[in-house]
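# coordinates for the following, if possible.
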Amino acid sequence: MSLFDPIRAAAQRQPARIILPEGEDPRVISAAVAAQADGTARPMLLGDAGTISETASAAGVSLDGIRVLDLAEVSARRDLVDALVARRKHKGMTPEQAEKDLADPVVAALSVLAAGEADGFVGGAVASTAHVLRWSFGLIGPAPGVKLVSSFFLMLLDQPHHDPHEAVLFSDCALVVEPDADGLASIAEATGHSAKALLGVEPRVAMLSFSTAGSARHDRVSAVQSATESVRAAQPSWQVAGDIQFDAAFVPEIFARKAPEQVMDGRTNVFVFPSLEAGNIGYKLAERLGGCTALGPVIQGLAKPVNDLSRGCSAADIEAVMAITSVQAASA
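So this is what the prediction gives:
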């Protein structure tokens with residue numbers, strides 16, 4: 001059984017309409033066909049309809065059951081132009097500029113999502129992360145009550161040398177550069193809720209630091225300690241350890257020695273890094289040296305699910321992110 005199977009099963013129970021702005025890309029077409037066949041999403045391919053059809057034909061795949069949206073038709077829709085002007089009027093948006101912007105597949109796809117005609121967005125196989133995120137913030141925005149939009153990586157410890165085989169979340173490894181104590185608390189709460197939705201587990205959260213239980217004194221340690229107390233107060237049913245070093249958070253025996261006064265009934269499933277620098281380095285070390293499968297970054301906190309891809313992604317990567325997006329849409 002794959003560690004991803006529970007997520008796949010959750011997506012199959014409520015497959016979401018996922019719009020894919022790079023519908024002409026062979027990887028995206030393959031992922032859409034696989035997701036449609038597997039029942040984890042209801043893909044919507046956006047692009048030049050003729051090119052999409054030709055690319056699929058050349059690859060020997062059928063687009064039966066997959067909705068294809070022609071970019072020229074979508075970008076000419078007056079309702080989307082008007083909505084874009086209304087949303088961005090404070091930034092000086094005009095109808096003429098909106099028409100030009102909607103010719104961009106990322107903007108067009110996000111506009112369709114904002115209009116409620118899709119449940120989620122997966123893009124970035126061609127477009128840059130900066131471009132996807134800028135327009136996501138501009139057209140979708142944070143969910144009500146969300147103080148900070150952040151991200152996580154789903155880390156699958158799925159190699160023979162991993163003991164035990166498990167799925168955990170690392171956050172924030174892609175968006176928030178230097179969160180303060182309130183930011184760390186927001187990231188931890190959002191990632192805990194993501195763990196519940198994706199993995200079906202009660203969050204066991206480690207607020208990581210270079211210190212364990214006050215073994216070092218520094219402003220950065222104090223921020224982690226303050227964030228830990230905030231999360232405990234806001235989520236009293238969760239188990240939250242902090243400040244804590246990664247080895248203690250990951251190995252129960254070390255946890256018991258280093259932090260005997262703290263409680264973690266089971267293995268940690270959410271690891272909150274104190275900065276983007278630490279998180280980005282940490283997940284790449286786990287992926288490249290540890291052999292973990294890293295899926296993400298998955299964005300959390302937007303009003304509708306929007307997820308970015310690496311431009312080096314494979315069709316299998318895209319299909320996996322589509323399944324994750326379906327689960328996010330169902331739990332929104």
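# going by C-alpha atoms from here, please, whenever you check contacts or count neighbours.
Will do.
# now do the contacts for the most centrally placed residue in the chain.
Nearest residue to the geometric centre of the chain (Cα atoms, centre = their mean): residue 298, 1.0 Å. Contacts for residue 298 (Cα atoms under 8 Å, 6 or more residues apart in numbering) come out as 151-154, 307-308, 321.
# from the residues you listed, which is closest to residue 86?
residue 307 (24.2 Å; Cα to Cα).
# correct me if wrong, but the closest one is in a strand.
Yes - under DSSP: H, G, I helix; E, B strand; the rest coil, residue 307 sits within a strand.
# what's the pLDDT at it?
As predicted, residue 307 sits at a pLDDT of 96.
# show me which positions of whichever strand or helix holds the residue nearest to the centre of the chain end up buried.
Using DSSP states H and E, residue 298 sits within strand 293-300. Residues of strand 293-300 classed as buried: 293-300 (neighbour count, 16 or more other Cα atoms under 10 Å).
# turn those residues into TSV, including pLDDT.
Listed next are the buried residues of strand 293-300 as TSV, based on pLDDT from 0 to 100:
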residue	pLDDT
293	92
294	91
295	91
296	85
297	89
298	94
299	95
300	96
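# just flag the most distant two among these.
293 and 300 (19.7 Å).
# which residues in the stretch 51-200 of the chain form helices?
All helices of the stretch 51-200 of the chain, identified by DSSP state H, counting those that start in this stretch, fall at 71-75, 78-88, 95-101, 105-114, 129-139, 181-199.
# out of the contacts of residue 298, who's the most crowded?
residue 152 (30 neighbours; other Cα atoms under 10 Å).
# pLDDT score assigned to it?
Looking at residue 152, its pLDDT reads 96.
# just residue 64 next, same as before
Listed pLDDT for residue 64 reads 93.
# ditto for residue 179
pLDDT recorded at residue 179 is 97.
# residue 154 versus the nearest residue to it once chain neighbours are set aside, what's the distance?
Distances taken as Cα to Cα, 6 or more residues apart in numbering put residue 275 closest to residue 179, at 6.4 Å, once the chain neighbours are dropped. When distance is defined by Cα to Cα, to the nearest Å, residue 275 is 18 Å away from residue 154.
# go ahead and confirm residue 66 touches residue 39.
No - between residue 66 and residue 39 there is no contact under Cα atoms under 8 Å: 11.6 Å.
# name the helix or strand for residue 304, please.
Judged by DSSP H and E, residue 304 forms part of no helix or strand.
# please report how far it lies from residue 294.
To residue 294, residue 304 is 23 Å away according to Cα to Cα.
# next one: residue 315
Distance, residue 315 to residue 294, using Cα to Cα: 15 Å.
# do residue 310 as well
Going from residue 310 to residue 294 by Cα to Cα gives 11 Å.
# and residue 198, by the same measure?
Counting by Cα to Cα - residue 198 and residue 294 are separated by 15 Å.
# about what we covered before: in a markdown table, list the helices of the stretch 51-200 of the chain along with mean neighbour count.
Putting these into a markdown table (neighbours: other Cα atoms under 10 Å) gives the following:
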| stretch | mean neighbour count |
| --- | --- |
| helix 71-75 | 19 |
| helix 78-88 | 17 |
| helix 95-101 | 16 |
| helix 105-114 | 25 |
| helix 129-139 | 16 |
| helix 181-199 | 23 |
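# of the ones you listed, which is nearest residue 241?
helix 181-199 (11.2 Å).
# now do the buried residues in whichever helix or strand residue 284 is part of.
If you go by DSSP H and E, residue 284 is part of helix 276-288. For helix 276-288, a neighbour-count test (16+ other Cα under 10 Å) marks 276, 278-280, 282-284, 286-287 as buried.
# quick one on the thing from earlier: run the angle between the strand holding residue 298 and helix 129-139 for me.
Using axes from the mean of the first three to the mean of the last three Cα atoms, to 10 degrees, the inter-axis angle of strand 293-300 relative to helix 129-139 is 30 degrees.
# show me how far strand 293-300 is from its chain's centre.
5 Å (Cα atoms, centre = their mean, to the nearest Å).
# try stretch 208-215
So, by Cα atoms, centre = their mean, the centroid of stretch 208-215 is 28 Å from its chain's centroid.
# the closest residue to residue 214 other than its chain neighbours: what secondary structure?
Leaving aside its sequence neighbours, residue 214 sits nearest to residue 243 (Cα to Cα, 6+ apart; 6.8 Å). Look at residue 243: counting by three-state DSSP, its state is strand.
# residue 243 contacts residue 224, doesn't it?
Yes - Residue 243 lies in contact with residue 224 (Cα under 8 Å); the separation is 5.8 Å.
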